[in-house]
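Enquirer: using only what follows, build the 3D model:
(chains A, B, C and D)
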Number of protein chains: 2
Amino acid sequence: MQSEKITKLRKKERKRPYDDACGLAHALELVGERWAMLVLRELAYGPRRFSELKADLPGISANVLSQRLAELEARSLVRRVRLPPPASVQVYEATEWGLEAVPVIASLGRWAARSPLHDPTLPMSHVSFMMSLQTLLSPERSRGMDARVGFKMGDIGYVATLCGGRLAIERREPEDCDATFAGTPMQLVAAIHGGLGLETVKVTGDMELAKRFVTLFPLPPKIG
Amino acid sequence: MQSEKITKLRKKERKRPYDDACGLAHALELVGERWAMLVLRELAYGPRRFSELKADLPGISANVLSQRLAELEARSLVRRVRLPPPASVQVYEATEWGLEAVPVIASLGRWAARSPLHDPTLPMSHVSFMMSLQTLLSPERSRGMDARVGFKMGDIGYVATLCGGRLAIERREPEDCDATFAGTPMQLVAAIHGGLGLETVKVTGDMELAKRFVTLFPLPPKIG
DNA sequence: CCGTATCCAATAAGATACTG
DNA sequence: CAGTATCTTATTGGATACGG
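Expert: Predicted coordinates:
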């Protein structure tokens, strides 16, 4: 049949479609390729440059990153923006709709953290660390708490604002914070999720608040 | 260095790891391969046989399905079960932890349905259809409503129980239902999400309830 | 420095045939 | 029916070279 041939050619153009109206199947056509969700994760708290993305996605090659960004742009998840002078650099930012996928993929991460195969000693980007705070915040333990906590990881700063049982994250230099943590993402993970206390990280500001803050993010129980 | 060689070999054993402690990266190592999440979706409402899975995942080949099931089993998301006599057939069922990923991937589907590239005219499995009901149920529109609605798609039956703003799904023959819909998943999608009314599907039982029921699942607005 | 383009080797996916 | 074996094709990763 001629029509079958045409259908087959169509499929070849769109490289490997799932012929499935299910939203999940479409999600996988949008962000199902290797690295795609991780690229989106890195854009969760604001625009990033190509070299930052490459540096924070250990193992991705430049050509694959380039291809993923182009695909995400074509699918309206990412925008390519040239910052105004004097910066004049090009950055990639998630669209509003792209950002709506972030809480969902974060939930996927919380689910996966229960796997016995999960290795928390691997390196972690600062974005992953901040996302883990948002994802693992215990509503019970943080009930009634208001605080503004800063983080400094290398030359990247974040501010986490705890209010009404929610944790809002901004990527900016820590200012006007009740307490501030400094260290590598891995050291901060050890202190907060690993329950190792505050020996390995630098804390400034309200030490009592810092001590309480690190207890607000219990790891989900392992399966088994 | 000797240690570097060993690390490289380790990586080769685990085929293509993301060296990333982020939960999301681990999630993608668990269910990030092509077809894996769709296989898990098909197990959402109970165990299935190999041939059913192959039939409901259009385009998957037997070797890939076989490999995915083996991987999901090795990762504790899926169990291989031999039904007791007289059935004596082998089925695959999601583990409890595997089932916990289902609401998350369903949310991913709801997010993706807002894409302008989404094509709702493609075929859809009965599992996808039932999952779309759970995912798209409007809490406002269903407030205070209690109902038991049956679905019959080919030889597969489901019962959806609406109670307290939640929709529980069981895969069993429709019995004791206030109303029952019969048709193909695509016809039912057209009636419920497409807003085409009830012309294309067969309805038995409380017609007034059926008319109200089909309004409870508004599609999320397209982006653009 | 910011990417894009090209080439190559390794792997994963797809198609098809085949066996208990 | 329930897969396995085999072959072909597509995608990925790594290295490197190249233009803005």
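Enquirer: only C-alpha atoms from now on, for both contacts and neighbour counts.
Expert: Noted.
Enquirer: give me the residue at the spatial middle of chain A.
Expert: residue A:41 (3.5 Å; CA atoms, centre = their mean).
Enquirer: which other helices and strands contact the strand or helix carrying that one?
Expert: Assigned by DSSP states H and E, residue A:41 falls within helix A:36-42. If contacts are counted by 3 or more CA pairs under 8 Å, 6 or more residues apart in numbering or on different chains; DSSP states H and E, helix A:36-42 sits against helix A:50-56, helix A:62-74, helix A:102-112, helix A:126-136.
Enquirer: mean confidence for the second one?
Expert: Right, helix A:62-74. In this model, helix A:62-74 has a mean pLDDT of 93.
Enquirer: which outside residues touch it?
Expert: A:30, A:31, A:35, A:36, A:39, A:54, A:78, A:79, A:80 (CA atoms under 8 Å, 6 or more residues apart in numbering or on different chains).
Enquirer: nearest residue to the fifth one in space, please, no chain neighbours.
Expert: The shortest distance from residue A:39 to any residue that is not its chain neighbour, by CA to CA, 6 or more residues apart in numbering or on different chains, is 7.2 Å, and that residue is residue A:53.
Enquirer: nearest spatial neighbour of the residue nearest to the centre of chain A, skipping sequence neighbours?
Expert: Computed as CA to CA, 6+ apart, the closest residue to residue A:41 that is not its neighbour in sequence is residue A:102, at 6.5 Å.
Enquirer: what about that neighbour, how many neighbours?
Expert: Neighbourhood size, residue A:102 [other CA atoms under 10 Å in any protein chain shown]: 21.
Enquirer: tell me how many other residues surround residue A:29.
Expert: Counted with other CA under 10 Å, the neighbours of residue A:29 add up to 20.
Enquirer: before we move on, what about the one 5 residues further on?
Expert: For residue A:34, the neighbour count with other CA under 10 Å is 17.
Enquirer: same thing with the one 5 residues further on?
Expert: Counted with other CA under 10 Å, the burial measure for residue A:39 works out to 22 neighbours.
Enquirer: how much space between it and residue A:191?
Expert: Using CA to CA, to the nearest Å, residue A:39 is found at 26 Å from residue A:191.
Enquirer: do residue A:50 as well
Expert: Relative to residue A:191, and taking CA to CA, residue A:50 is found at 30 Å.
Enquirer: tell me which of these two has more neighbours.
Expert: Neighbours of residue A:50 and residue A:191, each counted by other CA under 10 Å, are more numerous for residue A:191; the result is 19 against 15.
Enquirer: quick one: mean pLDDT for the helix or strand containing that one?
Expert: Using DSSP H and E, residue A:191 maps to helix A:185-192. Per-residue pLDDT over helix A:185-192 has a mean of 94.
Enquirer: deepest-packed of the helices and strands packed on helix A:36-42, please.
Expert: A comparison of the helices and strands packed on helix A:36-42 by mean neighbour count, using mean count of other CA atoms under 10 Å in any protein chain shown, puts helix A:102-112 on top with a mean of 22.
Enquirer: what does chain A put close to DNA strand D?
Expert: Selection of chain A residues close to DNA strand D by CA under 7 Å from any atom of the strand yields A:12, A:15, A:16, A:33, A:34, A:35, A:59, A:60, A:61, A:62, A:63, A:64.
Enquirer: among those residues, which pair sits farthest apart?
Expert: Between any two of these, the greatest separation by CA to CA is 28.6 Å, found for A:12 and A:59.
Enquirer: more neighbours: these two, which one.
Expert: The neighbour comparison of residue A:12 against residue A:59 (other CA under 10 Å) goes to residue A:59, with 14 against 11.
Enquirer: please give me every residue in contact with the more buried one.
Expert: Residues near residue A:59 by CA under 8 Å, 6+ apart: B:18, B:19.
Enquirer: okay but the residue nearest to residue A:39 is in contact with residue A:40, surely?
Expert: No: under the criterion of CA atoms under 8 Å, residue A:53 is not in contact with residue A:40, lying 10.0 Å apart.
Enquirer: can you find the helix or strand in chain A with the smallest mean pLDDT?
Expert: Ranking every helix and strand in chain A by mean pLDDT, DSSP states H and E puts helix A:2-13 at the bottom, with a mean of 44.
Enquirer: domain ranges for chain A?
Expert: A:2-100, A:110-213 (automatic domain parsing).
Enquirer: least reliable of these going by mean pLDDT?
Expert: domain A:2-100 (a mean of 86).
Enquirer: near DNA strand C, anything from that domain?
Expert: Yes: contact between domain A:2-100 and DNA strand C, assessed by CA under 7 Å from any atom of the strand, occurs at A:16, A:49, A:50, A:51, A:62, A:63, A:66, A:67, A:70, A:89, A:90, A:91.
Enquirer: wouldn't residue A:207 be in contact with residue A:181 here?
Expert: No: under the criterion of CA under 8 Å, residue A:207 is not in contact with residue A:181, lying 10.3 Å apart.
Enquirer: these two: who's more crowded?
Expert: Taking neighbours as other CA under 10 Å, residue A:207 and residue A:181 compare with residue A:181 leading, 21 against 14.
Enquirer: element containing that one?
Expert: Here residue A:181 sits within strand A:179-182, counting by DSSP H and E.
Enquirer: try residue A:161
Expert: Element membership for residue A:161, per DSSP H and E: strand A:156-163.
Enquirer: list the buried residues of that strand.
Expert: Of the residues in strand A:156-163, A:157, A:158, A:159, A:160, A:161, A:162 count as buried by neighbour count, 16 or more other CA atoms under 10 Å in any protein chain shown.
Enquirer: how about the first one, what does it touch?
Expert: To tie it back to what came earlier, the one meant is residue A:157. A:150, A:151, A:171, A:172, A:173, A:174.
Enquirer: who are the packing partners of the helix holding residue A:191?
Expert: Using 3+ CA pairs under 8 Å, 6+ apart: helix A:185-192 touches helix A:126-136.
Enquirer: so the helix it packs on, near chain B or not?
Expert: Yes: for helix A:126-136 and chain B, the contact criterion (CA under 8 Å from any CA of the partner chain) is met by A:128, A:129, A:132.
Enquirer: pick out whichever of the buried residues of strand A:156-163 sits closest to residue B:167.
Expert: Distances from residue B:167 to these, taken by CA to CA, are shortest for residue A:162, at 32.8 Å.
Enquirer: nearest to residue A:138, of the contacts of helix A:62-74?
Expert: residue A:39 (26.6 Å).
Enquirer: pretty sure that closest one sits against residue A:52.
Expert: No: look at residue A:39 against residue A:52 with CA under 8 Å: they stay out of range, at 10.8 Å.
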